[in-house]
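K.L.:
return a 3D structure for these sequence lines:
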Amino acid sequence: MEQVTIQSLSDINTAAKSVLHMIGKSRIICFYGSMGAGKTTLIKAICHELGVTDNVASPTFALINEYRDRNFNPIYHFDFYRINKIDEVFDFGYEEYFYKTEGLCLIEWPELIEEILPTEEVCKISISSNNEGLRTVTKLA
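P.N.:
As a prediction, this is how the structure comes out:
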């Protein structure tokens, strides 16, 4: 099991590099964790490591934000927290993102849409925190 511990916010960029190593060639990265675990913060750091210069923010209301990495490749950041039913995902054309041959998909709250994710390209990352503020990032099997 691959794992990295984030002891403080000053460790976030190092953790992002470790996570990028963990995900390898996976194109769809699912981030699991409770509210406030640090999913968005980690995604911001990952985008920074990939050379994104735009402001990276959670697309809670828009469902998706698009960025470009240093090589102008697309990065799609999804947040499905506010999804009430799977039909909402069908309405914005998820197939174009999840089944495209290019572009990294970073997904917050994937448990709400797991049934439509392509299984072969998905990497699952869990983020948990403890009472001392330590975050543990684990690549799930």
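K.L.:
how about the strands in this structure?
P.N.:
3-6, 28-32, 64-68, 74-79, 104-108, 122-129, 135-139 (DSSP state E).
K.L.:
and these as a markdown table, adding mean neighbour count?
P.N.:
Where you see a C-beta, it was placed from the backbone N, CA and C, and this is true even at glycine. Converted to a markdown table, the strands of the chain look like this (neighbours: other Cβ atoms under 10 Å):
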| stretch | mean neighbour count |
| --- | --- |
| strand 3-6 | 17 |
| strand 28-32 | 22 |
| strand 64-68 | 17 |
| strand 74-79 | 22 |
| strand 104-108 | 24 |
| strand 122-129 | 18 |
| strand 135-139 | 20 |
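K.L.:
where among those strands is the average confidence lowest?
P.N.:
Mean pLDDT per stretch puts strand 3-6 lowest among the strands of the chain, at a mean of 90.
K.L.:
picking up where we left off before, can you redo the strands of the chain as a markdown table with distance to residue 13?
P.N.:
Formatted as a markdown table, the strands of the chain follow (distance: least, Cβ to Cβ, whole Å):
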| stretch | distance to residue 13 |
| --- | --- |
| strand 3-6 | 10 |
| strand 28-32 | 17 |
| strand 64-68 | 17 |
| strand 74-79 | 17 |
| strand 104-108 | 16 |
| strand 122-129 | 16 |
| strand 135-139 | 13 |
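K.L.:
out of these, which is closest to residue 58?
P.N.:
The minimum distance between residue 58 and the strands of the chain falls on strand 74-79, with 5.1 Å, by Cβ to Cβ.
K.L.:
okay, the angle between the closest one and strand 64-68?
P.N.:
150 degrees (axes from the mean of the first three to the mean of the last three Cα atoms, to 10 degrees).
K.L.:
residues near the residue nearest to residue 13 when sequence neighbours are not counted, how many?
P.N.:
With Cβ to Cβ, 6 or more residues apart in numbering as the criterion, residue 13 has its nearest non-adjacent residue at 5.5 Å, and that residue is residue 45. The local packing of residue 45 (other Cβ atoms under 10 Å) involves 23 other residues.
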